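Participant: task: produce atomic coordinates for the following.
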Amino acid sequence: MTAAIHVNRVSKRYQLGEARGPYRTFRESVTATVTAPFRRGRRRAGSKATEVWALKDVSFDVPAGEVIGVVGRNGAGKSTLLKTLSRIIAPTEGEIRLRGRVGSLLEVGTGFHPELSGRENIFLNGSILGMTRTEIRRKFDEIVAFSEVEKFLDTPVKRYSSGMYMKLAFAVASHLDPEILLVDEVLAVGDAQFQQKCLGKMGEVSKAGRTVLFVSHNMAAIKALCGRAILIEEGKLAADGDVNAIVDRYLSGGTDMALTGIIPENAPRYTDRPGEARFRSVRMTDLAGNPTTQLYYGQPFRVHFVCDVLKDIPDGHFEVSLSTQDGTHVTYTTTMDGGKGPRFLGKGRHEMSVDFDVTLLPRGYTVDVGVHHQTGATADMVSRTLDFDVLRVAESRTDHYPWPRTRGFVRVPGSWAGGVS
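Facilitator: The predicted model follows:
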């Protein structure tokens, strides 16, 4: 089958310090011109300019009609890849071939003019995105209905809330009819209900036989829309294959941490303060201390973790979060719960545990751990440290979960009253 997207050994290099600001005053321009010889001399005498490869030797093909997810951590090169495919930037090396009309949803709202009304911006933005005036007229009512901003259609968009602005922008962009659609993290717009509508719209696009490259940090959306995914790590194509396998590898960082709870040095971590703390391990037990990663329905449990604090943290707190295995946050607890203040976390090994008495609905979950400053700065945070499952069977053998489908994540106790009057 002929590839709709052909990417052959594509690389993109940036030179740090090369970029220029969008605007300089006359005085700044004159000063820059006068001082240029001195700055050139300093550069020659000092260190060489730093080159950064945002993409390096990336190759893959996408057959016509296939929907592929692109996953990777912030700064991995995902957005750079889509910008090269959209011809927004040119690759430094390699070849890209696209067969068919290309539509891009990269930065939602690009091309909106704040002084123009919503109605005028639909025509302006639609034209920028490649739609003809006839196409925009034909789809105008559908775009307006989808955006949910009909009452404010003749109001300048500078008076819109950020949510209204993004809704209208997504509504315009999502009604393109290209053969190839490039989508970069556009489902995080509006409220939860509108996000579901966005996801539904993307589902319609994917089922219409169009070729789609979809970048997102929402792993549930990636799994729902895509059968195949590629993983980008440090600008390189790290893996390409079945979406479930690729998402699992992305979330676990390619380690067996989620099975063992042992957190290696190369585990995917997030930190604002490098060198302050390192999580080492996570384990789970029942309240009697018996190790387990399989819980009865409604069973309380205990999470234990070991964290090495490498420098004193005077205003610290620990966090344990529970998420689904595709990255959807469910609930969390911290050492500051109940109105407690931050702790002095002295240098050394901290072994902690926390009890959870929450009725999780049957499915697979995982444990995330973090240590933070009161200001919000993160010393260390590791996701998907240990996977566990909640069964449909209750330990008491009475209060089982009887339904074949699981809706939501947590069951709350309800107090029912009333009846036939």
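
Participant: any idea what sits nearest the residue nearest to the spatial centre of the chain, other than its immediate chain neighbours?
Facilitator: When CA atoms, centre = their mean is applied to the chain, the residue found nearest the centroid is residue 217 (2.1 Å). Of all residues not flanking residue 217 in the chain, residue 185 sits nearest, at 6.6 Å (CB to CB, 6 or more residues apart in numbering). Bear in mind the C-beta positions are built from the backbone N, C-alpha and C, glycine included.

Participant: how about residue 332?
Facilitator: Nearest to residue 332 is residue 321, by CB to CB, 6+ apart, at 3.8 Å.

Participant: so what sits opposite the one you found in the bridge?
Facilitator: The residues paired with residue 321 through beta bridges, assigned by DSSP bridges, are residue 332, residue 368.

Participant: right, and it touches residue 368 too?
Facilitator: Yes - counting by CB atoms under 8 Å, residue 321 sits close enough to residue 368 to count as a contact (4.1 Å).

Participant: who touches both of these two?
Facilitator: A shared contact of residue 321 and residue 368, defined by CB atoms under 8 Å, 6 or more residues apart in numbering, is any residue touching both; here these are residue 332.

Participant: hmm, back to that, the residue nearest to the centre of the chain should be in a strand, yeah?
Facilitator: No - Residue 217: not assigned to a strand; according to DSSP: H, G, I helix; E, B strand; the rest coil it is coil.

Participant: in the stretch 251-400 of the chain, where is pLDDT below threshold?
Facilitator: Along the stretch 251-400 of the chain, the model assigns pLDDT under 70 to residues 254, 397.

Participant: mind redoing it with 50?
Facilitator: When residues are selected by pLDDT under 50, none of them lie in the stretch 251-400 of the chain.

Participant: quick one: the helices in it?
Facilitator: Counting by DSSP state H, counting those that start in this stretch, residue ranges of the helices within the stretch 251-400 of the chain are 257-260.

Participant: strands of that one, residue ranges please.
Facilitator: Counting by DSSP state E, counting those that start in this stretch, the segments of the stretch 251-400 of the chain that form strands are 269-270, 277-285, 294-297, 301-309, 313-324, 329-334, 343-345, 348-356, 359-360, 363-373, 378-394.

Participant: just put those in a markdown table and tack on mean neighbour count and distance to residue 245.
Facilitator: Written out in a markdown table, the entries for those read as follows (neighbours: other CB atoms under 10 Å; distance: least, CB to CB, whole Å):
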| stretch | mean neighbour count | distance to residue 245 |
| --- | --- | --- |
| strand 269-270 | 15 | 22 |
| strand 277-285 | 20 | 23 |
| strand 294-297 | 17 | 22 |
| strand 301-309 | 20 | 27 |
| strand 313-324 | 19 | 17 |
| strand 329-334 | 15 | 23 |
| strand 343-345 | 16 | 38 |
| strand 348-356 | 13 | 29 |
| strand 359-360 | 20 | 25 |
| strand 363-373 | 21 | 15 |
| strand 378-394 | 20 | 15 |
